[in-house]
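S.K.: this one's sequence-less:
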């Protein structure tokens, strides 16, 4: 059988018959069982459609364009034959393991031999993406002998923040990195600055004498009354580097021209506690009188928060 497009939900039991091919652009999902060899150039999704499920095959081969999707904890493929993962095949994890539920098997290899090959980006023991998934863990091909499994090490820093604010640690739905919060900043910006995405915008105020952060808010411009120099001020989590974030200050002559990174590191001017209860620091960077590339005067500033 050959599945060439769309999603095919297979919930039956099949013994014998020819090999099954899942072409690029097609998805084989469901909880069925077949003794046939299955070759995947599209997507293999046990369960599928939001349901936990186990899909059973004979020998199983992922070609370079093939992908295994484990969307829910408990999704599993049982292969009663040799398992081969060709270069370029990918693994997509869409679930958050429950505490104490580690490791979670996603591909049970009942063949006497080990899994041949690895999913792209997941060598033996490789870490999952803690920023996208919201949890830390790793992938092994040796669980219980020859099985592919995910070991769960706990929620990541940003995952815990999303869980507290949106009820889901993953970068998805309302908690996705690029979704705007009530204060007009993206979730990734709110996390890096440690602001409340579910509250209206506040105002950053720092006691310049004591260094105490009186209130938090979006990045702002502060003018030193003694020197009349302009500074870009903002907060940042003290653990932003551990959370795989990069935070930079950039300036431009015009909002329509290229922004240039500051050559002067931000100076810490205050410390306190952010909206989530995390330790934060207030920093400031003086607007440059000469931009490092274009040479003009920096009149506009912004804080860029990205993944490191």
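M.R.: Ah, there it is. Values in this document were obtained by computation on a predicted structure and should not be read as measured data.

S.K.: Quick check: the gap between the spatially closest residue to residue 279 that is not a sequence neighbour and residue 194.
M.R.: Using CB to CB, 6 or more residues apart in numbering and skipping the chain neighbours, the partner closest in space to residue 279 is residue 238 (4.6 Å). In this view, the C-beta of every residue, glycine as well, is placed from N, C-alpha and C. In this structure, residue 238 and residue 194 are 9 Å apart, going by CB to CB, to the nearest Å.

S.K.: now residue 165
M.R.: Taking CB to CB, one finds residue 165 at 11 Å from residue 194.

S.K.: Need the overlap of contacts for these two.
M.R.: residue 276 (CB atoms under 8 Å, 6 or more residues apart in numbering).

S.K.: If you count surrounding residues, which of the two has more?
M.R.: Neighbour count, other CB atoms under 10 Å: between residue 165 and residue 194, residue 194 has more, with 24 against 19.

S.K.: hey, what's the nearest residue to residue 211 once chain neighbours are set aside bridged with?
M.R.: What sits nearest to residue 211 in space, not counting adjacent residues and going by CB to CB, 6+ apart, is residue 270, at 4.3 Å. Taking DSSP bridges as the rule, residue 270 bridges to residue 282.

S.K.: Helices of the stretch 1-150 of the chain, start to end?
M.R.: 130-133 (DSSP state H, counting those that start in this stretch).

S.K.: What is the burial count for residue 16?
M.R.: 7.

S.K.: got a list of what the closest residue to it other than its chain neighbours touches?
M.R.: Counting by CB to CB, 6+ apart, residue 35 is the residue found nearest to residue 16 once chain neighbours are left out, at 6.4 Å. Going by CB under 8 Å, 6+ apart, residue 35 touches 14, 15, 16, 17, 58, 80.

S.K.: now do residue 55
M.R.: 10, 28-33, 44, 46-47, 76-78.

S.K.: Could you dump these into a markdown table and include distance to residue 260, pLDDT and neighbour count?
M.R.: Output for the contacts of residue 55, formatted as a markdown table (distance: CB to CB, whole Å; pLDDT from 0 to 100; neighbours: other CB atoms under 10 Å):
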| residue | distance to residue 260 | pLDDT | neighbour count |
| --- | --- | --- | --- |
| 10 | 56 | 89 | 21 |
| 28 | 50 | 95 | 25 |
| 29 | 49 | 95 | 23 |
| 30 | 54 | 94 | 21 |
| 31 | 56 | 95 | 18 |
| 32 | 58 | 95 | 19 |
| 33 | 60 | 96 | 18 |
| 44 | 47 | 97 | 25 |
| 46 | 49 | 96 | 28 |
| 47 | 49 | 92 | 21 |
| 76 | 51 | 96 | 21 |
| 77 | 50 | 97 | 24 |
| 78 | 56 | 98 | 17 |
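
S.K.: Narrow the residues you listed to those in strands?
M.R.: Counting by DSSP state E, those place 28, 29, 30, 33, 44, 46, 76, 77, 78 in strands.

S.K.: Quick check: neighbours shared by residue 238 and residue 194?
M.R.: 278, 280.

S.K.: hmm, back to that, pretty sure the residue nearest to residue 279 is touching residue 283, no?
M.R.: No. Taking contacts as CB atoms under 8 Å, residue 238 lies outside contact range of residue 283: 10.6 Å.

S.K.: Look at the two and report which has more neighbours.
M.R.: residue 283 (22 against 15).

S.K.: Now stretch 94-111: buried residues?
M.R.: 95, 96, 97, 103, 104, 105, 106, 107, 108, 109, 111 (16 or more other CB atoms under 10 Å).

S.K.: can you redo the contacts of residue 55 as JSON lines with distance to residue 127?
M.R.: Shown next, in JSON lines, are these (distance: CB to CB, whole Å):
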{"residue": "10", "distance to residue 127": "32"}
{"residue": "28", "distance to residue 127": "28"}
{"residue": "29", "distance to residue 127": "27"}
{"residue": "30", "distance to residue 127": "30"}
{"residue": "31", "distance to residue 127": "30"}
{"residue": "32", "distance to residue 127": "33"}
{"residue": "33", "distance to residue 127": "33"}
{"residue": "44", "distance to residue 127": "23"}
{"residue": "46", "distance to residue 127": "23"}
{"residue": "47", "distance to residue 127": "25"}
{"residue": "76", "distance to residue 127": "21"}
{"residue": "77", "distance to residue 127": "22"}
{"residue": "78", "distance to residue 127": "26"}
